[in-house]
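**Q** below is the structure, and that's it, no one-letter string:
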């Protein structure tokens with residue numbers, strides 16, 4: 001256990017529409033980690049900052065750097081899940097001097113050639129049918145069958161957070177992911193990196209995690225059994241343990 005005076009800094013960047021850090025934070029907090037839970041612009045209220053505008057992953061990464069500066073954080077372990085993983089990867093490329101380690105969870109550097117059309121379809125559904133129309137689709141992607149049966153309250157809480165999002169901003173985030181291509185960033189990463197993915201994840205499958213692992217020199221790859229896309233919610237202890245290993249490799253966060 002780390003002494004309080006040796007508290008280290010961890011930034012956890014969320015997926016679009018859900019707060020995956022809500023379960024991981026208490027686990028890591030027991031180890032005296034100082035954790036910043038970053039929420040992206042797509043959580044803007046209707047009419048608020050960012051509502052309905054276009055985004056880029058680089059813009060989100062620079063937002064995170066600005067937030068660190070505001071908090072007087074010089075550097076940190078930066079980790080993110082799903083969309084948050086894309087942001088974390090972009091941050092590590094654009095702000096390497098501020099990244100002591102990197103956690104890429106249920107994410108990818110590139111969704112593939114069909115991504116723009118696929119994400120545009122998701123965006124249109126959010127705008128035309130509102131977010132309610134996506135709930136059944138999302139829940140089965142997020143959580144394994146066993147977890148949904150065993151943890152209905154946690155699943156319901158995740159859905160409630162999802163439904164609080166501004167549909168226009170959510171749609172803009174979908175389009176951002178459709179356009180995202182961070183493959184060139186992989187070879188530039190020079191910090192300890194952990195790649196984690198759920199064994200049953202079909203949103204960002206194991207093959208995408210494998211591509212990250214192969215592209216980032218010295219990275220580790222962990223495939224979490226009996227989990228799908230939101231492993232920070234399904235497997236918080238395992239996620240916290242893997243991030244803790246990164247900090248032991250480089251405790252200067």
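**A** Arrived safely, thanks for sending. Everything numeric in this text was worked out from a predicted model, so none of it was measured. Numbers count the residues shown, from 1 in each chain.
**Q** quick one, strands of the chain?
**A** Using DSSP state E, the strands of the chain run over 8-13, 33-38, 76-81, 99-105, 193-198, 220-224.
**Q** most neighbours per residue, which of these?
**A** strand 76-81 (a mean of 30; mean count of other C-beta atoms under 10 Å). C-beta here means a position set from N, CA and C on the backbone, and glycine is covered the same way.
**Q** angle of that strand against strand 99-105?
**A** 10 degrees (axes from the mean of the first three to the mean of the last three C-alpha atoms, to 10 degrees).
**Q** shaky segments in this structure?
**A** Flagging of the chain using pLDDT under 70 yields the residue ranges 1-8, 15-52, 250-253.
**Q** nearest residue to the middle of it?
**A** The centroid of the chain falls nearest to residue 81 when counting by C-alpha atoms, centre = their mean (2.0 Å).
**Q** quick check: bridge partners of it?
**A** residue 105 (DSSP bridges).
**Q** the helices in the stretch 151-253 of the chain, which residues?
**A** Taking DSSP state H, counting those that start in this stretch, the helices of the stretch 151-253 of the chain run over residues 152-163, 167-179, 206-215, 231-234, 236-249.
**Q** got it, and the stretch 1-150 of the chain?
**A** Going by DSSP H, counting those that start in this stretch, the stretch 1-150 of the chain shows helices at 21-29, 57-71, 83-94, 115-128, 135-142, 145-150.
**Q** residue 237: which of those is closest?
**A** Closest to residue 237 of the helices of the stretch 1-150 of the chain, according to C-beta to C-beta: helix 21-29, at 6.0 Å.
**Q** please name the nearest non-neighbouring residue to residue 135.
**A** residue 159 (5.7 Å; C-beta to C-beta, 6 or more residues apart in numbering).
**Q** I'd like the strands of the chain written out as JSON lines, with distance to residue 139 added.
**A** Listed next are these as JSON lines, based on distance: least, C-beta to C-beta, whole Å:
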{"stretch": "strand 8-13", "distance to residue 139": "22"}
{"stretch": "strand 33-38", "distance to residue 139": "22"}
{"stretch": "strand 76-81", "distance to residue 139": "16"}
{"stretch": "strand 99-105", "distance to residue 139": "19"}
{"stretch": "strand 193-198", "distance to residue 139": "14"}
{"stretch": "strand 220-224", "distance to residue 139": "18"}
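**Q** many thanks, we can stop here.
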